[in-house]
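**Student:** This is a predicted model, with the sequence first.
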Amino acid sequence: MSGSDYLRIWYRVQIGTTLLILAMMMIRNYEFDRRRIAALLLIMVAVLAIGLAVEVFADRLPAIVNRLNAWLQVFLQPLILIMAWDVITREIIVLLHLPSRGVVTLMIVYYFVMFAPFANVIGSQLTLSVERFIFACWTVLVAFLPLMALPTNLIDNRYLLMGLSTGAVGSVAYFILIMTAMRAWKLSWPGLRPQWSSDFNWWIFLGLVALDLLFTFLNVGEMPDLRHASLDLTMSAFEAAVLEETLFRFAMLGILFYAWRNIKQRLPLAIVTSSALFGLLHLTNATLQHWDMTILQAISAFALGLFFAVVYVYTGQLWLAMLMHGLLDWTSFVVTGSDLMRGTTTWQDWVSVLIELAIFGGVTAWMMFGKRRQFMERHVARLTGEHQHFGFMIHY
């Protein structure tokens with residue numbers, strides 16, 4: 001049996017168990033005359049029942065039924081799993097009177113991997129690049145909703161609560177979800193250890209690292225005071241680095257490279273597109289900070305997106321882009337004492353961001369020529385090729 005087979009078995013067991021638990025809760029709420037809650041649980045049970053039935057009898061059903069079920073599960077199953085996770089955690093603490101710290105810790109460990117079977121079974125049915133793009137964007141919600149139905153006063157450990165509320169826990173779950181989906185699609189692999197060929201240019205690598213460290217220091221203008229490095233800000237920086245690099249560098253670049261595999265300029269086109277989307281994401285901060293500061297942040301994010309994409313594609317190591325991103329955000333958060341940009345912009349800010357755009361844009365353009373481009377193209381082919389070895393076998 002392959003790893004995919006084991007994930008499929010896990011998927012059926014997880015859906016079946018969740019279905020039974022929610023069905024029992026539905027009956028209990030109905031008996032207590034909580035009709036709205038019972039109706040909501042009925043919908044969840046119906047969605048999971050459909051998903052399980054279609055999964056078991058997939059070979060006997062028309063293709064359109066499997067397709068419709070896949071999209072039903074894409075949009076609703078993550079929400080149902082999160083709701084069930086919250087409710088089960090709450091019930092174990094309240095009804096069994098077990099220590100909150102131990103229960104939440106174990107449930108967080110399961111939350112990390114809970115979406116992997118879903119990503120393998122449902123994600124593998126999405127064959128079009130646009131479907132995969134929507135899947136990657138929609139499932140980001142797993143990072144932000146682990147406390148959807150779990151009262152925070154039941155979590156008596158501030159570190160666990162902070163990990164859940166900042167999205168740090170969810171970002172790891174999202175990374176594992178996307179890694180599993182990309183494995184099913186035979187696309188990008190995040191790179192767990194460097195495997196560089198003989199023509200890898202160490203001077204270029206060291207130059208990229210030096211540029212990142214220089215910009216990180218100049219961005220804050222001073223050495224961060226570790227006394228101000230709160231766990232809240234540290235976890236927020238971790239969440240941003242893992243979640244955003246997973247979505248915009250790992251998932252989007254892999255999907256776009258494959259979608260544009262017949263386009264000669266797919267490398268620069270994919271890098272610019274993913275970076276532009278990365279910049280647009282930061283416009284959502286406009287509700288929390290001044291609009292001109294938000295536009296400045298979006299332009300800066302676009303420039304940094306170009307740089308992080310180049311680092312990822314040239315080295316093939318997602319962890320390196322995550323480390324650079326996390327260090328940049330952490331130093332900024334610690335120095336300013338906030339994960340948001342305060343105040344309004346000055347003309348010096350606009351000059352600085354234009355210089356940043358010119359430098360990172362220039363480096364990106366420079367990397368698109370000569371042996372540097374050839375080396376990156378080989379990485380792109382490796383990240384999107386059918387020859388990748390994702391499967392594993394367990395022999396008895």
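**Tutor:** Cool, the structure landed.
**Student:** quick one: Met322 from Phe360, how far?
**Tutor:** Using C-beta to C-beta, to the nearest Å, we find Met322 at a distance of 18 Å from Phe360. In short, each C-beta sits where N, CA and C put it, glycine included.
**Student:** And for Phe115?
**Tutor:** Phe115 is 33 Å from Phe360, where distance means C-beta to C-beta.
**Student:** returning to what we had before: higher neighbour count, Met322 and Phe360?
**Tutor:** Neighbours per residue (other C-beta atoms under 10 Å) separate Met322 from Phe360, with Met322 holding more: 25 against 22.
**Student:** how about the residue nearest to Leu283 when sequence neighbours are not counted, what does it touch?
**Tutor:** Nearest residue to Leu283 in three dimensions, chain neighbours excluded: Ala298, at 5.2 Å (C-beta to C-beta, 6 or more residues apart in numbering). Residues near Ala298 by C-beta atoms under 8 Å, 6 or more residues apart in numbering: Gly279, Leu280, His282, Leu283.
**Student:** part of a strand, is Ala298?
**Tutor:** No: assigned with DSSP: H, G, I helix; E, B strand; the rest coil, Ala298 falls outside any strand and is helix.
**Student:** Show me what the helix or strand where Asp86 lies is packed against.
**Tutor:** In this structure, Asp86 is located in helix 63-96 according to DSSP states H and E. On a contact count with 3 or more C-beta pairs under 8 Å, 6 or more residues apart in numbering; DSSP states H and E, helix 63-96 meets helix 3-31, helix 35-56, helix 100-113, helix 116-121, helix 129-138.
**Student:** Please identify the most buried of those.
**Tutor:** helix 116-121 (a mean of 23; mean count of other C-beta atoms under 10 Å).
**Student:** Outside of that helix itself, list whatever touches it.
**Tutor:** Helix 116-121 is contacted from outside by 4, 7-8, 10-11, 14, 55, 73, 77-78, 81, 139, 176-178, 180-181, 183-184, using C-beta under 8 Å, 6+ apart.
**Student:** try it again with 7 Å
**Tutor:** Outside of helix 116-121, the residues within contact range by C-beta atoms under 7 Å, 6 or more residues apart in numbering are 4, 7-8, 10-11, 14, 55, 77-78, 176-177, 180-181, 184.
**Student:** how about that helix as PDB, C-alpha atoms only?
**Tutor:** C-alpha atoms of helix 116-121 as PDB (Å, rounded to 0.1, in the frame of the first residue of the first chain):
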ATOM      1  CA  ALA A 116      -4.000  15.900   5.400                       C
ATOM      2  CA  PRO A 117      -6.500  13.100   4.400                       C
ATOM      3  CA  PHE A 118      -8.900  15.700   3.100                       C
ATOM      4  CA  ALA A 119      -6.200  17.300   1.000                       C
ATOM      5  CA  ASN A 120      -5.100  14.000  -0.400                       C
ATOM      6  CA  VAL A 121      -8.500  12.500  -1.300                       C
END
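**Student:** centre of the chain versus that helix, how much separation?
**Tutor:** Remark: helix 116-121 is offset 15 Å from the chain centroid, using C-alpha atoms, centre = their mean, to the nearest Å.
**Student:** got it, and stretch 118-138?
**Tutor:** 13 Å.
**Student:** Show me what the mean pLDDT comes to for that stretch.
**Tutor:** In this model, stretch 118-138 has a mean pLDDT of 96.
**Student:** Surely Ser171 touches Leu243?
**Tutor:** Yes: under the criterion of C-beta atoms under 7 Å, Ser171 makes contact with Leu243 at 4.0 Å.
**Student:** Return every residue with contacts to both of those two.
**Tutor:** Residues touching both Ser171 and Leu243 (C-beta under 7 Å, 6+ apart) are Ala143.
**Student:** one step back: what would the contacts of Ala298 look like in JSON lines with neighbour count?
**Tutor:** Shown next, in JSON lines, are these (neighbours: other C-beta atoms under 10 Å):
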{"residue": "Gly279", "neighbour count": "21"}
{"residue": "Leu280", "neighbour count": "12"}
{"residue": "His282", "neighbour count": "20"}
{"residue": "Leu283", "neighbour count": "14"}
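**Student:** now, which of these sits nearest Met376?
**Tutor:** Within the contacts of Ala298, proximity to Met376 (C-beta to C-beta) peaks at Gly279, which comes in at 21.5 Å.
**Student:** Correct me if wrong: that closest one contacts Ala303.
**Tutor:** No: using C-beta under 7 Å, Gly279 makes no contact with Ala303, being 8.1 Å away.
**Student:** what's the neighbour count on Gln289?
**Tutor:** Around Gln289 there are 16 other residues, counting by other C-beta under 10 Å.
**Student:** no no, Leu211
**Tutor:** Other residues close to Leu211 by other C-beta under 10 Å number 16.
**Student:** That one: which element?
**Tutor:** Assigned by DSSP H and E, Leu211 falls in helix 202-220.
**Student:** contacting residues for Arg83?
**Tutor:** Wrong residue type there; residue 83 is Met, not Arg. Residues in contact with Met83 (C-beta under 7 Å, 6+ apart) are Met44, Met148, Ala149.
**Student:** Please name the nearest non-neighbouring residue to Leu52.
**Tutor:** With C-beta to C-beta, 6+ apart as the criterion, Leu52 has its nearest non-adjacent residue at 4.9 Å, and that residue is Ile15.
**Student:** which residues touch Leu277?
**Tutor:** The neighbourhood of Leu277, defined by C-beta under 7 Å, 6+ apart, consists of Phe248, Met252.
**Student:** 6 Å instead?
**Tutor:** Counting by C-beta atoms under 6 Å, 6 or more residues apart in numbering, Leu277 makes contact with nothing.
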